[in-house]
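K.L.:
Just the structure for this:
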Amino acid sequence: MTEIDLPPHLAHPFSPAGRVDPYPAYRWFQENSPVHFDKASGFWLVTTHAGCAAAFSDGRFSASLGQQERMREDELPASMLTSDPPDHARLRGPGALLLGPAALRSRARAINDAASRVLGELAGQDEADAAADIGEPFAVEVLASLFALPPEGKPAFTDLARRVSVNLDPLAGRAAGAAGRAAVDEFSAFMDQHIQVLQASGADCPLTRLADDRRLTRSEMLGIISLSVIGGFLPLADLVGHAAYWITAGGETFASLHAEIPGGETTSDASQDGERQSAAGGVGMTSRVVDELMRLATPIPFTARVTTDVVELDDVLLPAGSRVLLVIAAANRDPSAFEHPGTFDPLRSPNPHLAFGAGPHLCLGAPLVRWAGGALLRELAFRFPGLRQLGTAEWDKPLVPRRLRGQRLLLQQ
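P.N.:
Just a heads-up that it's a prediction; the model follows:
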C-alpha cells in the first residue's frame, strides 16, 4: 500500500472545517487516490462513482458487517440496512408493501393534499423557516398518511420522528446515541400499539399489510417501520431548504418549475393518471429536480461496508476484513460521471446519482421521496413562484445528515 496523504491546505472532509465544504478534498482523492486508506479513521475511502457503484453491487462488501462499524455501542434495529442476502431479500419483499409503488398509489392524493395544506397555512406570511415551517410539517403529514395515523397521534409522532433521527449519525456521541436508541424503543412501542388498533378495526392500508406479512417477526416488522422514519424524515424535511439553496443560487426561480406543470395545475388538482405515473417512478420535471437535489445535497454522504474476501477496486487490493466507506457525496460529484458536477441542472438526464444507493441496496423509499418531494416543489412553485433564500445558509455541524440550519425563506407570490 503506497502512503499518500491529503495536502495540508485541504481540510479533511470529516473535520469541522471540512464538513462545511468537503468537495475540494473529495476531488483531490478522486484525482490522486480514488481508493484511499484514511489513517485518521482507519477506513478505506472510495470516492469515484464507478468504484462506489461497483461496491454497492458486489456481495463481498457486507452491509451487515459495515453497520457494526458505527462508532456507537448500540445496534440499529433489524432491517434491510443492516442485512446481507438472503435476509436482505426476505425483508425487502415485505418492505415493499409499505413503500412500494402500490402503497404510494393508495396515498398519492393524500400526499398532494398534504403539500397544499401545509403551504396553505403560510398564506399571508412574508417569511418562513424552511425546516420548521415547511419541511418538517410536510414530512410528518406524508409519513402520518403512510401510517394511517389519526390527527391526535401526530404530535407524539412528530416528537418521536425528531428524536429517532439522531440514529442517522454513526458518529453521534455516547449520550446522543443512548437517547437515539431509547427513542427507537419508544417509537416501536408507539407504532406497535397503533398497528394493533388498526388491525382490530379491520383497516386495510400499507401499514397493516406489512404487519400482517408472516415472513417477518414482529421485531423485524417494527424495524422496517423505524428505518423508514430514521432514513426518511430528515431528508424529506430538508428537501425544501436544499431546493431554495440550489434553485435560487443559480439565478433560477421556483416559477420555472411551475411552467413545466401542464395547465399550471397545483398538486391537489393533479389527475389520477398523473398520480399513478409519478408514484410508479415517472420522470416528470419535479422528479428530475428532486433527483438533482439529492445528488447535490446527498443527505447521507457515505455508507459503511466490510469486505468478506480480497477485492480489487480501482487497481487497489482490499484485504478481507477491510473497513470501507463508500463516499456517496464524492461519487455524486465525480466529473467522470457528471458534466459540470457542482452545478444545479434541473433537466439533467440521465442522472445516475447514488444518493439512494444502488444494486440490491437501492433504497425502497426512493419513490416516496421523489413523489412527495415533487408534490411539495410543484405546490411551492404554484403558491410562491418568487420564493428565495434570505441571507447566507449555514451547514449544520453533524456529519450525517448533511443539512442546512436556520434557513429563512422569503415567500414571494
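K.L.:
in this structure, what spans have low per-residue confidence?
P.N.:
1-3, 69-79, 81, 250, 258-285 (pLDDT under 70).
K.L.:
what residues are up against the residue minimising distance to the centre of it?
P.N.:
By CA atoms, centre = their mean, the mean C-alpha position of the chain lies nearest to Pro235, the distance being 4.4 Å. By CB atoms under 8 Å, 6 or more residues apart in numbering, the contact set of Pro235 is Met294, Pro299, Ile300, Val369, Pro401. C-beta coordinates here come from the backbone N, C-alpha and C atoms, glycine included.
K.L.:
Between which two of the residues you listed is the distance greatest?
P.N.:
Val369 and Pro401 (12.9 Å; CB to CB).
K.L.:
Settle it for me: which of these two has more neighbours?
P.N.:
Val369 (24 against 19; other CB atoms under 10 Å).
K.L.:
element containing the residue nearest to the more buried one when sequence neighbours are not counted, please.
P.N.:
The spatially closest residue to Val369, leaving aside those adjacent along the chain, is Leu236, at 6.0 Å (CB to CB, 6 or more residues apart in numbering). Assigned by DSSP states H and E, Leu236 belongs to helix 218-249.
K.L.:
name the helices or strands packed onto the following helix or strand past that helix?
P.N.:
Downstream of helix 218-249, the first helix or strand assigned by DSSP H and E is helix 255-258. Helix 255-258 sits against helix 285-297, helix 366-383, with contacts defined as 3 or more CB pairs under 8 Å, 6 or more residues apart in numbering; DSSP states H and E.
K.L.:
Mind doing that once more with 6 Å?
P.N.:
Counting contacts by 3 or more CB pairs under 6 Å, 6 or more residues apart in numbering; DSSP states H and E, helix 255-258 is packed against helix 366-383.
K.L.:
one step back: tell me the one among the contacts of Pro235 nearest to Glu152.
P.N.:
Val369 (27.0 Å).
K.L.:
The residue lying closest to Ala156 once chain neighbours are set aside: which element?
P.N.:
Once flanking residues are discounted, Ala156 sits nearest to Phe190: 6.4 Å by CB to CB, 6+ apart. If you go by DSSP H and E, Phe190 is part of helix 174-201.
K.L.:
how much does that helix deviate in direction from helix 218-249?
P.N.:
Helix 174-201 and helix 218-249 are oriented at 110 degrees to each other (axes from the mean of the first three to the mean of the last three CA atoms, to 10 degrees).
K.L.:
For the stretch 301-413 of the chain, just list every one of the strands.
P.N.:
303-307, 311-313, 316-318, 323-326, 388-390, 394-395, 404-405, 408-410 (DSSP state E, counting those that start in this stretch).
K.L.:
Can I get those strands in CSV including distance to Gly93 and mean neighbour count?
P.N.:
Listed next are these as CSV, based on distance: least, CB to CB, whole Å; neighbours: other CB atoms under 10 Å:
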stretch, distance to Gly93, mean neighbour count
strand 303-307, 22, 23
strand 311-313, 28, 18
strand 316-318, 31, 18
strand 323-326, 25, 24
strand 388-390, 42, 16
strand 394-395, 38, 12
strand 404-405, 36, 16
strand 408-410, 40, 19
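K.L.:
any chance of the ones you listed in a markdown table, with distance to Leu45 too?
P.N.:
Output for the strands of the stretch 301-413 of the chain, formatted as a markdown table (distance: least, CB to CB, whole Å):
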| stretch | distance to Leu45 |
| --- | --- |
| strand 303-307 | 11 |
| strand 311-313 | 11 |
| strand 316-318 | 11 |
| strand 323-326 | 5 |
| strand 388-390 | 31 |
| strand 394-395 | 20 |
| strand 404-405 | 24 |
| strand 408-410 | 35 |
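K.L.:
Would you mind saying which of the ones you listed lies nearest Ala203?
P.N.:
Among the strands of the stretch 301-413 of the chain, the nearest to Ala203 by CB to CB is strand 303-307 (34.8 Å).
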